[in-house]
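In: no sequence for this one, just the structure:
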């Protein structure tokens, strides 16, 4: 908790969460539900059924105007030009030295680009984008929209039952989006999420989000899930959290996010920090984000130091007890020489050295429903 | 046997100069699912108001303070195998440690159960 725990106006589902027994905590400048019945139970429910997450703190933007694709390619390392309508990509807002300002998702609408950025840094993102984009491009921060995530192996069954649209919901595979209706309410739905499970993110007008949340939670597969389980689920899925695992001092190669730099952009460059990033791609980064499986039951948290023998070779950036794994896991940055899977390391927690092994991520397999898969 | 409570949500059950210490039901509910408890081994000197144990929930690590000063005589070894006892039975089998009081006068500032319930109701 820090000085920027100042609480802005309540999010649209504030009263809805409280009525359902959520414990509210300050997060990203908002009061948000950390848990309802308990993190372990909520985590397990999401892995087995479907969890509904309120992520309305995130920034939903649209960008439009002449020359939009070129303009976005000047601030993102993604191949925007090849993105077809209804397709979604993960990308990174980079500064001039290749540091990560934020990580984000963007999706092509017929005449716009829809973008979702992290809640805690959205004001800075918007200022950065507006400063970098030409005047012909208009950025709209959709403050009137709420965002829900429905995640888990039963998310499709639950959402399909209540959704209508020009296309069946099954037309969406992982990293696609389109317009649908839920009980007559317009909803822009993408097949995406932050748990490693199949799932959807559902953007609706804030005035209708209570109705949509009620409809979804009335499905037998669905329970509301708090931020606590969102964090343990994403950690098991090996997904970095901005402000913890990523920041402006970290480049995409060290962060093991080189997949976000598309092939064409690698050969053409022209994105912020390209010189440094292309050199790191060619030569390897001196540090690397890795997964760590920890022996015993004592979790190592953010900030814990990682050792190889007597030498400090890294720092934990996220860590905790992983309910599905059944033990403590972490992710952190280590010197490249110690980043190979299987490397035995130690993490210091309150003066004790915990045995840890570099482990490929995800810790729990992803269950994304990809195009062409059965 | 007399039961006392602290504003940090520890309970202490005192019999003569011996006492058992744990965290309250309110505290365990606030912490959420407990996944690890680090209790001081027998022989540890603890000081009133100072860190004596650490309880790790899924989300975070929290210090547990000694309600009074004394010497630890026994740590609850069952917590090692089943830390969730702190959630299921915080004021019973989820106790943390036993100690010998070095200054029974320190008990005077602590709350009884009625006062603690009123304190929690006001939070």
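Out: Everything's here; your move. Keep in mind that this is a model prediction, so the values were computed, not measured. Residues are numbered from 1 along each chain as shown, chains lettered A, B, ... in the order given.

In: who's in contact with residue B:84?
Out: The contact partners of residue B:84, by CB atoms under 8 Å, 6 or more residues apart in numbering or on different chains, come to B:33, B:34, B:35. All C-beta atoms are positioned from the backbone trio N, CA, C, and that covers glycine.

In: same deal with residue A:364?
Out: Taking CB under 8 Å, 6+ apart as the contact definition, residue A:364 lies against A:47, A:196, A:236, A:237, A:322, A:324, A:325.

In: Out of the residues you listed, which is nearest to chain B?
Out: residue A:322 (8.8 Å; CB to the nearest CB).

In: ok, the lowest-mean-pLDDT helix or strand in chain A: who's next to it in the sheet?
Out: Each helix and strand of chain A was given a mean pLDDT (mean pLDDT, DSSP states H and E); the minimum falls on strand A:23-27 at a mean of 93. Paired strands of strand A:23-27, with direction, are strand A:30-35 (antiparallel) (DSSP bridges).

In: what does the partner strand rub up against?
Out: Residues from elsewhere that reach strand A:30-35 (CB under 8 Å, 6+ apart): A:7-8, A:10-11, A:14, A:17, A:22-27, A:42, A:54, A:57, A:119, A:224, A:226-229, B:32, B:59.

In: Just the pLDDT at the closest residue to residue A:44 other than its chain neighbours, thanks.
Out: Take residue A:44 and drop its neighbours on the chain: the residue closest to it by CB to CB, 6 or more residues apart in numbering or on different chains is residue A:323, 6.1 Å away. Per-residue confidence at residue A:323 stands at 97 (pLDDT).

In: residues touching the closest residue to residue B:50 other than its chain neighbours, list them.
Out: By the measure of CB to CB, 6+ apart, the closest residue to residue B:50 outside its immediate chain neighbours is residue B:66, 5.9 Å from it. Residue B:66 is in contact with B:21, B:46, B:47, B:48, B:49, B:50, B:51, B:52, B:99, counting by CB under 8 Å, 6+ apart.

In: and with 6 Å instead?
Out: By CB atoms under 6 Å, 6 or more residues apart in numbering or on different chains, the residues touching residue B:66 are B:46, B:48, B:50, B:52.

In: do residue A:339 as well
Out: If a contact means CB under 6 Å, 6+ apart, then residue A:339 has A:288, A:290 as its contacts.

In: Kindly recompute the last result at 8 Å.
Out: When contacts are taken as CB under 8 Å, 6+ apart, residue A:339 is in contact with A:287, A:288, A:290, A:358.

In: what about the last one, helix or strand, and which?
Out: Applying DSSP states H and E as the criterion places residue A:358 in strand A:352-359.

In: Quick one: distance of the least confident helix or strand of chain A to the chain centre.
Out: Its chain's C-alpha centre and that of strand A:23-27 lie 19 Å apart, by CA atoms, centre = their mean, to the nearest Å.

In: buried set for it?
Out: A:23, A:24, A:25, A:27 (16 or more other CB atoms under 10 Å in any protein chain shown).

In: quick one, what contacts the nearest residue to the last one once chain neighbours are set aside?
Out: Distances taken as CB to CB, 6+ apart place residue A:227 nearest to residue A:27, at 6.0 Å, with adjacent residues excluded. By CB under 8 Å, 6+ apart, the contact list for residue A:227 reads A:25, A:27, A:32, A:33, A:34, A:35, A:53.

In: now do 10 Å
Out: With contacts taken as CB atoms under 10 Å, 6 or more residues apart in numbering or on different chains, residue A:227 has the following neighbours: A:22, A:24-25, A:27-28, A:32-35, A:39, A:42, A:53-55, A:57, B:59.

In: Out of the residues you listed, which is nearest to residue A:213?
Out: Of all the contacts of residue A:227, residue A:54 has the smallest distance to residue A:213: 7.4 Å, by CB to CB.

In: what sits opposite that closest one in the beta ladder?
Out: When bridges are taken as DSSP bridges, the partners of residue A:54 come out as residue A:148.

In: Count the neighbours of it for me.
Out: Counted with other CB atoms under 10 Å in any protein chain shown, the burial measure for residue A:54 works out to 27 neighbours.

In: for residue A:286, same thing?
Out: Neighbour count of residue A:286, defined by other CB under 10 Å: 12.

In: Could you check how far residue A:249 is from chain B?
Out: Summarising the geometry, the distance separating residue A:249 from chain B, computed by CB to the nearest CB, to the nearest Å, is 25 Å.

In: give the contact list for the closest residue to that residue other than its chain neighbours.
Out: Leaving out its chain neighbours, the residue that sits closest to residue A:249 by CB to CB, 6+ apart is residue A:99, at 5.7 Å. Residues touching residue A:99, when contacts are defined by CB under 10 Å, 6+ apart, comprise A:92-93, A:246-252, A:272-273, A:276-277.

In: Repeat the analysis, applying 7 Å as the threshold.
Out: Shown here is residue A:99, whose contacts under the criterion CB atoms under 7 Å, 6 or more residues apart in numbering or on different chains are A:248, A:249, A:250, A:251, A:273.

In: Give me the three-state assignment for residue A:102.
Out: In three-state terms, and counting by DSSP: H, G, I helix; E, B strand; the rest coil, residue A:102 is strand.

In: Likewise for residue A:69?
Out: For residue A:69, the reduced secondary structure class is helix; criterion used: three-state DSSP.

In: what sits against it?
Out: Counting by CB under 7 Å, 6+ apart, residue A:69 touches A:80, A:81.

In: before we move on, back to that, let me know the closest of the buried residues of strand A:23-27 to residue B:78.
Out: Of all the buried residues of strand A:23-27, residue A:23 has the smallest distance to residue B:78: 27.6 Å, by CB to CB.

In: on that earlier part again, return the item of the contacts of residue A:227 having minimum pLDDT.
Out: Sorting the contacts of residue A:227 by confidence puts residue B:59 at the bottom, with a pLDDT of 82.

In: Now list the buried members of the contacts of residue B:66.
Out: Using 16+ other CB under 10 Å, the buried members of the contacts of residue B:66 are B:46, B:48, B:52.

In: between these, which is closest to residue A:177?
Out: For the buried ones among the contacts of residue B:66, the residue nearest residue A:177 by CB to CB is residue B:52; the value is 52.4 Å.

In: Skipping adjacent residues, who's closest to residue A:361 in space?
Out: Using CB to CB, 6+ apart and skipping residues adjacent in sequence, the residue nearest residue A:361 is residue A:238, 2.8 Å away.

In: Identify the residues contacting the one you found.
Out: Taking CB under 7 Å, 6+ apart as the definition of contact, the neighbours of residue A:238 are A:291, A:361, A:362, A:363.

In: Without its sequence neighbours, what residue ends up closest to residue A:156?
Out: Leaving aside its sequence neighbours, residue A:156 sits nearest to residue A:198 (CB to CB, 6+ apart; 6.2 Å).

In: got the angle between the longest strand along chain A and strand A:352-359?
Out: Looking only at chain A and at elements set by DSSP state E, the strand with the highest residue count is strand A:311-322. In this structure, strand A:311-322 runs at an angle of 80 degrees to strand A:352-359, with axes from the mean of the first three to the mean of the last three CA atoms, to 10 degrees as the basis.

In: Just the buried positions in strand A:311-322, please.
Out: Along strand A:311-322, these residues count as buried under the neighbour rule (16+ other CB under 10 Å): A:313, A:314, A:316, A:317, A:318, A:319, A:320, A:321, A:322.

In: go on, stretch A:132-150?
Out: For stretch A:132-150, by 16+ other CB under 10 Å, it's A:133, A:137, A:139, A:141, A:142, A:145, A:146, A:147, A:148, A:149, A:150.

In: How much space separates residue A:218 from chain B?
Out: The separation that residue A:218 has from chain B, given CB to the nearest CB, amounts to 26 Å.

In: neighbours of that residue, just the number please.
Out: With neighbours defined by other CB under 10 Å, the count for residue A:218 comes to 10.
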